[in-house]
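Engineer: Structure, please.
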Amino acid sequence: MHYPIAIEPGDETHAFGVTVPDLPGCFSAGDTLDEAIANAREAIDLHLEGLAEDEATIPQAGTIASHYAKPEFAGYVWGVVEIDISRYLGKAEKINVTLPGRLIRRIDALTTNRSGWLAEAALEKLQHH
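Structural biologist: A predicted model of the protein is given here:
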């Protein structure tokens, strides 16, 4: 999933601040822009880990466009952090799924991990729902 991050520009005396609008309470900082982004990834992982431990729903990532015009982010720089949320969705469970043979062959032509590919497709579909 791609979480937008809002980066408050820093300078020689102030760190770069990072807020993750889709994860209330998730924020980070860094002395450089690169460090701020790396720290944002770590903050998102820790935040999602806490949600998973509490068995709370993992929030879907919005778009930069859905946050860009909000007054609290005026002057911020935007970025996106990609996070594999599959580890926060719970223990893997085996299910039996029936699909048309041609569809299975098309999926297998695109990936060596059919289950992972189908899970990713389902998450993407859920994100747009």
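
Engineer: Got the domain ranges for this protein?
Structural biologist: What the record gives for the chain is the domain set 2-90, 93-129, from automatic domain parsing.

Engineer: List the residues that contact the closest residue in space to Glu8 that isn't next to it in sequence.
Structural biologist: Excluding the flanking residues, the one nearest Glu8 by CB to CB, 6 or more residues apart in numbering is Gly17, at 3.8 Å. Yep, even glycine has a C-beta here, placed from its N, CA and C like the rest. Contact analysis of Gly17 by CB atoms under 8 Å, 6 or more residues apart in numbering lists 7-8, 10, 27-29, 36.

Engineer: How about Tyr76?
Structural biologist: Tyr76 makes contact with 6-9, 19, according to CB under 8 Å, 6+ apart.

Engineer: pLDDT score for it?
Structural biologist: Note for Tyr76: predicted pLDDT of 96.

Engineer: what's the answer for the one 3 residues further on, then?
Structural biologist: In the predicted model, Gly79 carries a pLDDT score of 96.

Engineer: Is it in contact with Ile37, as I believe?
Structural biologist: Yes. The criterion here is CB atoms under 8 Å, and Gly79 meets it with Ile37 at 6.0 Å.
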